[in-house]
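Chemist: What follows is a predicted protein model with its sequence.
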Amino acid sequence: MNGTLWRGMLVSAAIAAAGCASPAPSAPPLPVNLQGFAPAFKAGYADGCESARLGSARRAEERYQTDSDYAQGWNDGHSICARRK
């Protein structure tokens, strides 16, 4: 009985401790409101902004050449985020 009581207390303590764990952090939101823009523009903006922040190009080249919304979003995101560095 005594061993069962200890096991029950340990399980209860483990469950209580697990409830205190913080959730995994999510990606930070984009620094501007892009509501109303095309999904391709938003994707380009996110890629351009990340390229500026990381200092390395992250761009879907074929999409950049063929999709004007993506290209405009990439250019805008890159220039705005480069200034905020």
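Modeler: Looks like it arrived, so ask away. The shown structure was predicted, so the numbers you read here are calculated from the model rather than taken from an experiment.

Chemist: and residue 70, what element?
Modeler: Residue 70 is part of helix 68-84, with elements assigned from DSSP states H and E.

Chemist: I'd like to know which elements that helix is packed against.
Modeler: Helices and strands touching helix 68-84, by 3 or more CB pairs under 8 Å, 6 or more residues apart in numbering; DSSP states H and E, are helix 39-54, helix 61-66. C-beta coordinates here come from the backbone N, C-alpha and C atoms, glycine included.

Chemist: Looking at those helices, which one is packed in the most?
Modeler: Ranked by mean neighbour count, the helices and strands packed on helix 68-84 are led by helix 39-54 with a mean of 19 (mean count of other CB atoms under 10 Å).

Chemist: and the angle for that one with helix 68-84?
Modeler: Counting by axes from the mean of the first three to the mean of the last three CA atoms, to 10 degrees, helix 39-54 lies at 30 degrees to helix 68-84.

Chemist: Please list the outside residues in contact with helix 39-54.
Modeler: 30-32, 34, 37, 57-60, 63-64, 67, 69-82, 85 (CB atoms under 8 Å, 6 or more residues apart in numbering).

Chemist: pull the CA atoms of stretch 70-85 into PDB?
Modeler: The C-alpha trace of stretch 70-85 is given here as PDB (Å, rounded to 0.1, in the frame of the first residue of the first chain):
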ATOM      1  CA  TYR A  70       5.100  37.500 -55.700                       C
ATOM      2  CA  ALA A  71       7.900  39.700 -57.200                       C
ATOM      3  CA  GLN A  72       6.300  42.900 -56.000                       C
ATOM      4  CA  GLY A  73       5.800  41.400 -52.500                       C
ATOM      5  CA  TRP A  74       9.400  40.100 -52.400                       C
ATOM      6  CA  ASN A  75      10.800  43.600 -53.400                       C
ATOM      7  CA  ASP A  76       8.600  45.400 -50.900                       C
ATOM      8  CA  GLY A  77       9.400  43.000 -48.100                       C
ATOM      9  CA  HIS A  78      13.100  43.000 -48.800                       C
ATOM     10  CA  SER A  79      13.400  46.800 -48.900                       C
ATOM     11  CA  ILE A  80      11.200  47.500 -45.800                       C
ATOM     12  CA  CYS A  81      12.900  44.900 -43.600                       C
ATOM     13  CA  ALA A  82      16.400  45.900 -44.800                       C
ATOM     14  CA  ARG A  83      15.600  49.400 -43.500                       C
ATOM     15  CA  ARG A  84      14.400  48.100 -40.200                       C
ATOM     16  CA  LYS A  85      17.600  46.100 -39.500                       C
END
